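K.L.:
Got a predicted structure here, sequence first:
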Amino acid sequence: MSRPAPRRPATRRFRLANGLETILAPDRESATASVWVWYRVGSKNEWPGVTGASHWVEHMLFQGSPHYPKGAIDRAVVEVGGTLNAFTDTDFTAYFSTVPRERLGIPLDIEADRMTRALLRDRDVNRERTVIDSEREGNENWPEYRADEELYQLAFREHPYRWDPLGRKEDIRDLTPAALRSYYQRFYGPKNAVLVVSGGFEPGAVERRIRKSFGSLPRSGADPHVRAVEPEPRGERRATLHGPGTTPLLTIGWRAPALSDPATPALVCLDVLLGGETRLFSAGASMGRSGEHPSSRLYRGLVDTGLAVRASSEFRPRVHPALFTIGAQAAPKVPFDRLEEAVDREVSRLGTQGPTAVEMTEVRTKIRRGAELAYEGASRAGFRLGYFATLGPPGFESRLFRRLLGVTRSDALRQAADLFRSERRVVVRYEPTGGDDGVGA
Amino acid sequence: MASERSDPLVFERDVRADGLTVVRQPAPSGSASFAATYVGPAGWAFDPEGREGLAVVTSQVGASAAGRRDRVALARELDQRGGSIHRHCAPETNEVSVTGPGSELVPLLGLLADVVLRPRWATDDLERVRRQIVERQLREQTQPGPRADREMLYAVFPTGHPYRLSGLGSRRSIAGLRRTDLVKFHREQTAASGGFVVVTTSRSMSDVQRLVHSRFPRFPTDRPARAPPAARNPVSRAVARSIAMAGRSQTEIRVGGNAPSRDDPSFPALVLANEVLGGRSLLNRLFQHIREDRGLAYHASSDLESMRWGGYWSAQAGSAPERAEQVVRLMRDELAAIAETPIPAGELNRIRESAIGEIPLGLETSADAHELAVDAAYNGLAERHWLEWPSILRALTPRAIRDATANVYDPARAVTVVAGTVG
């Protein structure tokens, strides 16, 4: 059987003397070029009092650096038709710009300017405080966010995965500009970053430009080992939230291994089997949910049977052990107990009988197919190259891909039996208080 | 196998004898994927009275199982071929799209044809979709963002106007739908005439025509049974609505009003005006003045929805309840400014060049290019429209834009909706 690797563009990789890891992925035919900077810093590096700092720094890196005063970064990229943004996760923060190919110099200059020299002035930090507060409040309006936040708080008592990357409300209120600058100075720099350039450009010229603009930066940016180790749970943990709306949600999380763990490929297959998403190998940069998967086990067991209006699983392996989750929204008048029993039935069946041979073939096909288009376009290519380079050693994606295709039925059965144990699970129910909202004049 | 490379900014179009328009959009160079869409000429504006929600339900049930495949078999075939299927129902149209690797174009186009022409109408699919629609109705009622969107359209459009509704019907109308309603709607409204098949591929137009002819030889009907509603745009009047929703952290704000249809000569000017006011670029006024200058909200933006029978514009922001009043005031100030004062030349040039410069970004993948082609084809734009778009934008003067905005962004006729925790 042929086992094609993801259709990845050819790359040129080098490391500058200051530690900056660089990946160039030229595509002569592309009319665009995409620049990504990935820092190995996320909410895993925070501690109580500075939760949300990585995300706050993400906002501040658009608020001014020596050659790009406030507003100039947006102007420089947007005026030429480019797009730019950034996002913060538990394990990393990524900044990107995609521009018409002839404008590639602009985002390269910006990233070099703000890698170690962002201004983070007091007044800008304080003004951004209310923006971040507003971002969090917008999320809190959604029951899914509230349930997820509760799930991780309940599952982790020691490890920083306990808090959401947006940070705790109290820390957003109290964090000082000085503390934020100190966080930035400690963690951000070439030594802790991966620079990816993909799309239409001449690699020799771009390499020279990178060496010139980034090579003079100091060798800074710490990537300290996160010492906190979450102890094995001794029993199931549960919480019931009450909140506005009409969305009864059940979310269950099981403690799951880290990205580098040998068990991870089998768990990724279980995720595909249960929820239908290929996530790490799919056409698209979001790695999110793309829609319904009627052939998945959860869909057939929960949605087809009328117990839920939607159901999904998620295993996004992280640098440290995290969670494998299943979420479902109960159909009207279906009690939580019945829904939970149905989830139990599905995971027990996997843990006792495992997947069928046909299912495993389907999972492999799906992963292979998803990988075919995963690198289409400069932006997607930049995202994927940076994601895997940030989270794993060279060749990590290909190895993971091969391991995924090598997962057997018995591997999946063994890992399902080990994963879905009730003493390792956390259960959150979101009970809506109703929708009797009135309209005033 | 024929193959040709051509400019992805120029599409090709042919109208068949039965009235079906076939469009071939060149895939961006180097793209390994394809996309194909059937645009049906009947969305929820064609729902019969008392059967509101029928178009949406028909679309969802129809795309669940088709030809010889039940729901699970259809999903498995998509997985095996690396494809995915998407439905989109709007007031005017009902779209079904399929995307996947270019090597799977022929079988996946066949699958699309089955979904469009030969749905199975399984009863259990209808029941599942019914549950899901009711859940969406509840969310629309109880989530501040979706609720504010709905209330704004209720206030902008009068009773009976197709753009007033979300297409989800009411609990009662959804409960009353029968399988025979779906079959009848599909038979009467899935038409060749007024319909489009758009294919984004590196294959030639003659290949596309041949493939579409073999997969879509006949439609259930040549013409839709019902004519489009003769809905012209009303003139909205100032309305302020406050929806108290207890326990919400953020208050959602919408300010909106009527906008002209897509074929109105002022449309390009309004596109640029919207970009200046709150469009995609981060340079827009709402984002700059509400978020960047004052830190009052995380999101602040605006949209322009110009369709065949009219349209609407809306400005939106989400803020802490205690800041909502200030944000509303600022939003209305920005409206007044854009309606009354010509945009300074420097600002206009920045936004204009941004809109022109971003065209290549809309062509990174076949799916991106496909979106442009579906839009152009449905709206009857010229084959070279996207090639000529920069000159159209560059011809607009600040005065011409102000003339267009003066009639549209009028704060005296704007609808304001605030939903969430309100004081």
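P.N.:
Nice, thanks for sending it over.
K.L.:
How about residues contacting stretch B:163-182?
P.N.:
Stretch B:163-182 is contacted by residues B:43-44, B:47, B:50-58, B:61-62, B:89-91, B:121, B:123, B:126, B:130, B:133-134, B:136-137, B:140, B:150, B:153-154, B:156-158, B:231, B:307, B:309-312 when judged by C-beta atoms under 8 Å, 6 or more residues apart in numbering or on different chains. No exception for glycine: its C-beta is placed from N, CA and C like everyone else's.
K.L.:
and it, average pLDDT?
P.N.:
The predicted model assigns stretch B:163-182 a mean pLDDT of 95.
K.L.:
Span of it from start to end?
P.N.:
Stretch B:163-182 has an end-to-end distance of 22 Å (criterion: C-alpha to C-alpha, to the nearest Å).
K.L.:
How about the residues of the stretch 101-250 of chain B by chain A?
P.N.:
Applying C-beta under 8 Å from any C-beta of the partner chain, one finds that the stretch 101-250 of chain B approaches chain A through B:101, B:124, B:127-128, B:131-132, B:134-135, B:138-139, B:141-145, B:147, B:151, B:241-250.
K.L.:
List buried residues within the residues you listed.
P.N.:
Among these, the ones that count as buried by 16 or more other C-beta atoms under 10 Å in any protein chain shown are B:101, B:128, B:131-132, B:134-135, B:138-139, B:141-145, B:147, B:151, B:241-243, B:245, B:248-250.
K.L.:
Among those residues, name the ones in strands.
P.N.:
The members of these that map onto strands under DSSP state E are B:101, B:241, B:242, B:243.
K.L.:
ok, of those, which one's closest to residue A:269?
P.N.:
The closest of these to residue A:269 turns out to be residue B:101 (C-beta to C-beta; 21.7 Å).
K.L.:
Quick one: low-confidence residue ranges for chain B.
P.N.:
B:1-5, B:228-233, B:236, B:423 (pLDDT under 70).
K.L.:
Without its sequence neighbours, what residue ends up closest to the closest residue to chain A within it?
P.N.:
Closest contact between chain B and chain A, by C-beta to the nearest C-beta, is at residue B:357 (1.8 Å). Excluding the flanking residues, the one nearest residue B:357 by C-beta to C-beta, 6 or more residues apart in numbering or on different chains is residue A:81, at 1.8 Å.
K.L.:
And residue B:86, by the same measure?
P.N.:
Counting by C-beta to C-beta, 6+ apart, the residue nearest residue B:86 is residue B:97, at 4.6 Å.
K.L.:
quick one: the helices in the stretch 251-400 of chain B?
P.N.:
B:267-278, B:285-286, B:324-340, B:345-357, B:366-378, B:385-394, B:398-406 (DSSP state H, counting those that start in this stretch).
K.L.:
Tabulate the ones you listed in a markdown table, adding columns for distance to residue A:250.
P.N.:
Shown next, in a markdown table, are the helices of the stretch 251-400 of chain B (distance: least, C-beta to C-beta, whole Å):
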| stretch | distance to residue A:250 |
| --- | --- |
| helix B:267-278 | 38 |
| helix B:285-286 | 38 |
| helix B:324-340 | 33 |
| helix B:345-357 | 45 |
| helix B:366-378 | 33 |
| helix B:385-394 | 47 |
| helix B:398-406 | 49 |
